[in-house]
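**Student:** pasting a predicted model and its sequence here:
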Number of protein chains: 2
Amino acid sequence: MTPIRFAVALAAGIALPLSAASADEGMWTFDAFPSAKVKAAYGFAPDQAWLDRVRLSSLRLTGGCSSSLVSGQGLVLTNHHCVRDCAQQISTGTADYIAGGFLAATLADERKCAGQQAEIVTAITDTTARVQKAIGTLTGAALAKARDGEVAAIEKEGCTDPATERCQVVTLFGGGQYKLYHYRKYTDVRLVYAPEADAAFFGGDPDNFNFPRYDLDAAFLRLYENGKPVATPAHLTWAARAPKEGELVFITGNPGSTQRLLTQAQMAFQRDVSLPALELYLSEMRGRLISAMAGDPEKTRTGQDLLFGIENSYKARYGQWQALLDPGFAGKLAQTEAELRAKVAADPATAQKIGDPWTDLAKLMVGYRDIYKPYNWLELRAGGFSDLYGDARAIVRAAQERAKPNAERLPEYQDSKLALLEKQLTDDKPVYPWLEEISIAYWLSKTREALTTDAPPVKALLGKESPEQVAHRLVTGTKLGDPKVRAALFSGGLAAVQASDDPLIRYVLAHDGDARAIKDRYRFEIEAPVTAAQSKLATARFAAFGTDLYPDATFTLRLSYGAVKGWTYQGVTVKPTTVFAGMYERATGADPFKLPPKVLAAEGRIDKTKVVDFTSDNDIIGGNSGSPILDAKGAVIGAVFDGNIHSLGGNFGFDGTLNRSVSVSTVAVEEALTKIYPAPRLLAELHAK
Amino acid sequence: MTPIRFAVALAAGIALPLSAASADEGMWTFDAFPSAKVKAAYGFAPDQAWLDRVRLSSLRLTGGCSSSLVSGQGLVLTNHHCVRDCAQQISTGTADYIAGGFLAATLADERKCAGQQAEIVTAITDTTARVQKAIGTLTGAALAKARDGEVAAIEKEGCTDPATERCQVVTLFGGGQYKLYHYRKYTDVRLVYAPEADAAFFGGDPDNFNFPRYDLDAAFLRLYENGKPVATPAHLTWAARAPKEGELVFITGNPGSTQRLLTQAQMAFQRDVSLPALELYLSEMRGRLISAMAGDPEKTRTGQDLLFGIENSYKARYGQWQALLDPGFAGKLAQTEAELRAKVAADPATAQKIGDPWTDLAKLMVGYRDIYKPYNWLELRAGGFSDLYGDARAIVRAAQERAKPNAERLPEYQDSKLALLEKQLTDDKPVYPWLEEISIAYWLSKTREALTTDAPPVKALLGKESPEQVAHRLVTGTKLGDPKVRAALFSGGLAAVQASDDPLIRYVLAHDGDARAIKDRYRFEIEAPVTAAQSKLATARFAAFGTDLYPDATFTLRLSYGAVKGWTYQGVTVKPTTVFAGMYERATGADPFKLPPKVLAAEGRIDKTKVVDFTSDNDIIGGNSGSPILDAKGAVIGAVFDGNIHSLGGNFGFDGTLNRSVSVSTVAVEEALTKIYPAPRLLAELHAK
């Protein structure tokens, strides 16, 4: 299970400030950083050498997080919650590394994280002209196929060594730009250090997205190649010093997705259709997990990572939804749209060129509503949270798609995607049958509820069985828990898949057609024309505001700037830093305010005046988890692990007066590595010149 | 636990058709039935004798349902789902009457239902002038107190024998009318017959609010007094004949609540605030119950009634919410408001008199949003689904309120309310500690999530404990499961309560102040001015449309008329009747499409051409469950148990082309009592002349 702080959403494009006051707004690409603007505001701006060094020290983690190199031996700083799944995977009934924490005494004790890959951006190339030429004047299915085919070709041509390179074409500005990101990738990533979850996530879900916080949400990984640590001469300097209120700070990382360019109609779709559906889906599953785990230590151990992910996602999306329901916030977004429309109306050339994409999108959202229920339940949620169902579907679809020419495949099965897919499918990871069953049964049950008993796809999925019976039959019968079986089916292709008598493979073979059919309707009837309309909106924005804009987040490397600062809301001022004293005061001994024994034992040794967590007004979002927060010199002073509750509306618009990032300080990490979890080996490495 | 198909909501008033086509719209009071209109449409209208006989044969069940007298010995027809809680209460680990059904072989085998009371309307008196005079020109808290005091006095004066009478002032037309309903009440109600839940609720939650249906959702109760069946010479005739498509039918019963008069601002509050909050609340609790019950037969037995109630409520409210989110439906509601505003604008006298209640209500909804979170969590949801917490709070509040003069109490503790409250508190009923714990822990957990860890009421509720620890301590320590303990505390009043060392009583004493404070803010800052504004809207409607209108539903006796008919939606036509053949065809053997053994065993004997369930276009809503459906002669041809999915929007507006009631036919009940659950005693009683 991966951190699900973000999910790639419908729209991408460019963003506008909600108000002129949002001085520190923006998730800037490294090839278009607004140095002059930063210089004007703060009297300092990074030069190209600074940018290059920071870029080459920043890693994307394919599980959905960000991180940074902090030593010459491939040591990587990230969040605890970004390695939770790894700690989960390497745990057993007798060694629970989520509850107890993990610290490798020597290199030999560092443990591989299944499915994890780290990626460094080595080049960014503009391929806009090539993709736009392929699209030409096409629409609908033809547009989608031409675009996806050209992207497949660019990605394939861009990388020569699939073992160490990854190529990815990123759509920016809603189709206004297509850029090829070239990565150096590392497929052997190992866990070095993770504190106990009760220390890293002190305050648990109730305190998540809130502040003051006292979380030691930091962890270390290490890059390996050929069984040895990777030499990383380009890395950041570790500066274990407290942040200063007001000081300029930078955050580099991979914000997952923002949707600041949605039209009013698209936002209404999210507010009224997709966000409510998602929240209800997560909510009942959360309840099912909580009760299933209660009083059962082994289920508590094996289910905790999924529960964490669901609760985190639920709260993040709840904040987004509430932002759209807030009359004040929504009013500002409406005003932004009205201003752009007025500018276009006053510019006949642009108006003539783009037509009325707002009305086009409103009509498309009507169509999207019509297909959303089957699309959501048969395609987006297929298998629920079941890993094995997801694996089975990927194996079946990969086999079907690889039988086609590269340019004609579903994008996720193009040649450039297969290396990571194969790694994720074939890495060894534990399987928890009870979680698999509960997930599949839940999905089938909710699908029947939404589509009704008599809907043909529901009748096909269930036949004469109940959701629980189907789930039990599939999970007890499948052999896909064995990575060798998955690997054999993946490499065996369509012939192996069709010959398989694995019940899960056979189930997907029998029923995935309904999902693919509705997926195609979405791709051709909704996604393709939405992209076309958004591309026109990008044209409108470039015409109205020039090109000095940043694109919506796309889980690619961005740099944001800002200052260490708190905020004031409804008359209450929140200070930007917390110290260890507050952590001990907040502890009640009862979950989730229970400090682990090692933290309690260290109380007398800890310097309680030292900073634990701090806030800044950098513009970030889910996917930035694990990002380094840097001072003007480019030294690391913390790791970003959260945003405050106001930042959740940042998906749709940035409010510089309230939105804050939340980081754990390097001071706190050092204090912990010195006095709570003594780690001289790590400290020496961090301090090495 | 009671059927929660309805809950009393903020607004009450009068309703307008969504369109002129809604010929059969209306939940009419018995003192203002539109006989001329029915005569014009159907060529028949009930005369006063017909109305009187039907009224005196119609019973309100205080658990939240409707029912009717169908013999001279107090035999009462209602739904199975209206006696589910009774079947639950009388069950034990070795006799599960929900799973296995219940049939009393003799009178002596009939079993008392705890908390259940049946009520027949014996008189309706207009007390509008008296209440309006008391209100005068008061506002806010003064208005609420004056109104509630006068109501208390009227109710107390209206009934002389608290053992057999109940008096209740009902607010109709949003304060346009106050009427005193006088009831003959029966406090000893016993279970006679209930089929298995798998037969009564065949298709379960997936088929709930859908059609075709095949549910034997009928049951019988009997009224007792002094240990003997009550003689009921006034009763309905049992007509075991199939409904005819197009025939005129009437439904008499107690629709719980409609909100057809809400302004756009009030509907937006429901759509954006209260309905989402409720659905998320029910959703996670549903998940918690499902997992807690899975694989545990005793928890499955003891939790099934609550789960049924939650799922039913979730689906009903989901339908309401979706109706408000449906652009077409919402557009019609907006148009209705615009039309009324235009009429008022064209009528200076009325405009002068009422001012602008729409804007008043919009401002009030802003204030309501501001207090909704604490009001919802501290007051509306206090204790979650815990019976014992509810009992403890009622005991504490009753003691506190009874120390005040009748006119100054919270309305629910006025003298006229105490008899039923005492019965509900002191009747013997089983307590399931695991359900109590899960409910209280859930409530505390969600309250902390919503109000945040640092909110003073949350700190007070939890102290240094977790939600689970508090719940466990209270439930294991309390003695309130013993009805004698509850009775002693109730009768002992404030002294007894304050001297109690019961942990649940002490917990409520310690923390209920926060709940009462926010409740008062709601009563005085929101509810009272909302009522004042709605009363102005009633004036506007009377001026615009005359007084030939029906009031919103208030869980008081109403009569609706219509025809047996199906409907057509998105090109699909649904027939109005189903037959036994379809039931056997739909059975899969897997829950919830598993027919019980007796039904399966009877398959060869059953006449499969006989009607099971049928639909009609009568205007009904939750609370009508158990209502008799009558032919023109006033004979019973079925019992209403559901509405179709379209009827859920009926909370806000009636659409005669799609809204349908769903009833189980008397034919099906007789077939079952003859061939599945042979009950010659009952059949003879039903057929007695």
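**Tutor:** Perfect, I can see it now.

**Student:** mind checking how far the residue nearest to residue A:593 when sequence neighbours are not counted is from residue A:81?
**Tutor:** Leaving aside its chain neighbours, residue A:593 sits nearest to residue A:587 (5.6 Å; criterion: C-beta to C-beta, 6 or more residues apart in numbering or on different chains). Every C-beta, even on glycine, is put in place using the N, C-alpha and C of the backbone. To residue A:81, residue A:587 is 20 Å away according to C-beta to C-beta, to the nearest Å.

**Student:** looking at those two, which one has more neighbours?
**Tutor:** residue A:81 (27 against 19; other C-beta atoms under 10 Å in any protein chain shown).

**Student:** does that one count as helix, strand or coil?
**Tutor:** helix (DSSP: H, G, I helix; E, B strand; the rest coil).

**Student:** distance-wise, check residue A:476 relative to residue A:296.
**Tutor:** 19 Å.

**Student:** picking that back up, give the contact list for the residue nearest to residue A:593.
**Tutor:** A:202, A:593-595, A:600 (C-beta atoms under 8 Å, 6 or more residues apart in numbering or on different chains).

**Student:** secondary structure element for residue A:510?
**Tutor:** helix A:503-521 (DSSP states H and E).

**Student:** gap between that helix and the chain center?
**Tutor:** 26 Å (C-alpha atoms, centre = their mean, to the nearest Å).

**Student:** isn't residue A:588 right next to residue A:594, touching?
**Tutor:** Yes: the pair residue A:588 and residue A:594 qualifies as a contact (C-beta atoms under 8 Å) at a distance of 7.3 Å.

**Student:** immediately after whatever helix or strand residue A:171 lives in, which helix or strand?
**Tutor:** Using DSSP H and E, residue A:171 sits within strand A:165-172. For strand A:165-172, the following helix or strand on the C-terminal side (DSSP H and E) is strand A:177-186.

**Student:** the longest helix in chain A is where?
**Tutor:** helix A:297-325 (DSSP state H).

**Student:** the closest residue to residue A:554 other than its chain neighbours and residue A:151: what is the separation?
**Tutor:** Nearest non-adjacent residue to residue A:554, counting by C-beta to C-beta, 6+ apart: residue A:170, 5.3 Å away. Note on residue A:170: its distance to residue A:151, by C-beta to C-beta, is 10 Å.

**Student:** between those two, which one's more packed in?
**Tutor:** residue A:151 (25 against 19).

**Student:** quick check: the residue of the stretch 201-350 of chain A nearest chain B.
**Tutor:** residue A:287 (2.5 Å; C-beta to the nearest C-beta).

**Student:** how about the residue sitting furthest away from the middle of chain A, what does it touch?
**Tutor:** Distance from the C-alpha centroid of chain A peaks at residue A:348, with 40.1 Å (C-alpha atoms, centre = their mean). The contact partners of residue A:348, by C-beta under 8 Å, 6+ apart, come to none.

**Student:** got the contact list for the helix holding residue A:510?
**Tutor:** With contact meaning C-beta under 8 Å, 6+ apart, helix A:503-521 is reached by A:141, A:371, A:374-375, A:378-379, A:382, A:388-389, A:392-393, A:395-397, A:456-457, A:460-461, A:470, A:473-475, A:477-478, A:480, A:489, A:497-498, A:500.
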